[in-house]
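A.B. asks: A structural model of the following input is requested.
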Amino acid sequence: MAVFQETLTLRARGAGMHEFTEQVACVLRRSGMARGVVTIFCQHTSASLVIMENADPSARRDLVAWLDRLVPVDDPEFEHTLEGPDDMPSHIKMALTRTSESVPFAEGRLQLGTWQGIFLWEHRRAPHERTVIVTVLG
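C.D. replies: Predicted coordinates:
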């Protein structure tokens with residue numbers, strides 16, 4: 001089995017979902033592999049990954065709003081607020097979602113569905129630079 005790996009640096013403008021499907025597809029092309037699986041891993045505790053609808057942004061906005069209602073920034077019970085009021089909520093949101101995704105590929109192309117995209121889900125309000133490791137196995 002062949003393994004190819006690259007680290008991507010993603011710049012999140014702030015809270016919300018930031019698509020990077022094309023960057024993953026570029027890593028896959030550089031690998032030269034035809035068939036296998038790509039794993040994507042986010043190295044952070046206040047951001048996560050999600051495969052989500054990439055055609056209608058209202059689907060992403062609804063998901064973000066729902067999670068914001070589930071884990072509000074102003075919860076007075078949070079003790080871990082060293083980096084601000086969105087610190088602990090961002091950790092909880094990461095724990096409730098995912099830090100890795102796997103996508104099969106065939107003929108050198110990601111086998112995502114018609115409306116699927118790969119997104120970094122930034123849970124902090126301020127802009128951040130995030131590191132994502134893409135591993136191609138084939």
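A.B. asks: Please count neighbours and contacts with C-alpha atoms only from this point.
C.D. replies: Will do.
A.B. asks: Centre of the chain to stretch 75-92, how far?
C.D. replies: Stretch 75-92 sits 21 Å away from the centroid of its parent chain (C-alpha atoms, centre = their mean, to the nearest Å).
A.B. asks: my bad, should have said stretch 120-128
C.D. replies: Offset of stretch 120-128 from its chain centre (C-alpha atoms, centre = their mean): 10 Å.
A.B. asks: you'd agree residue 89 is up against residue 73?
C.D. replies: Yes - between residue 89 and residue 73 there is a contact at 5.9 Å, judged by C-alpha atoms under 8 Å.
A.B. asks: Grab the CA positions of stretch 79-91 and hand them over as CSV.
C.D. replies: C-alpha atoms of stretch 79-91 as CSV (Å, rounded to 0.1, in the frame of the first residue of the first chain):
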residue,chain,number,x,y,z
GLU,A,79,-14.9,27.7,33.9
HIS,A,80,-12.5,27.4,31.0
THR,A,81,-12.6,30.9,29.6
LEU,A,82,-8.9,31.8,29.5
GLU,A,83,-9.0,32.8,25.8
GLY,A,84,-12.4,34.5,26.0
PRO,A,85,-16.0,33.6,26.2
ASP,A,86,-16.0,31.5,23.0
ASP,A,87,-13.1,29.3,24.3
MET,A,88,-15.0,26.5,26.1
PRO,A,89,-17.9,26.5,23.7
SER,A,90,-15.4,26.0,20.8
HIS,A,91,-13.9,23.0,22.6
